[in-house]
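Trainee: sequence plus predicted model, see below.
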Amino acid sequence: MDYNHEQTVGWGTLALLNAGLAQSKGRSGLNWFLLSLLLGPVATLLLVTAFRHPPEVMGR
């Protein structure tokens, strides 16, 4: 495989993983997919560090 092709496949795979991660955190998967196509690993870092679930309150 050509290096550019491998890089494109990897970038697209990362965008799909980010979309799934975003949906699991209650965010828009489509928006994060598109953002990930532009930002790549930076979007992953944002999803993992900046957008956490608020702590759940007992008794809800």
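Mentor: Here it is on my side, so go on. Numbering: from 1, shown residues only.

Trainee: now this protein, which segments are flagged as low pLDDT?
Mentor: 1-3, 51-60 (pLDDT under 70).

Trainee: how close does residue 36 get to residue 12?
Mentor: 9 Å (CB to CB, to the nearest Å). Quick note: C-beta positions are derived from backbone N, CA and C, even for glycine.

Trainee: please apply the same query to residue 40.
Mentor: Here residue 40 is placed at a distance of 10 Å from residue 12 (CB to CB).

Trainee: residue 36 and residue 12: which is more packed in?
Mentor: residue 36 (25 against 13; other CB atoms under 10 Å).

Trainee: and the gap between the most centrally placed residue in the chain and residue 26?
Mentor: In the chain, the centroid-proximal residue (CA atoms, centre = their mean) is residue 18; its distance is 1.9 Å. Residue 18 sits 14 Å away from residue 26, going by CB to CB.

Trainee: swap in residue 10?
Mentor: 27 Å.
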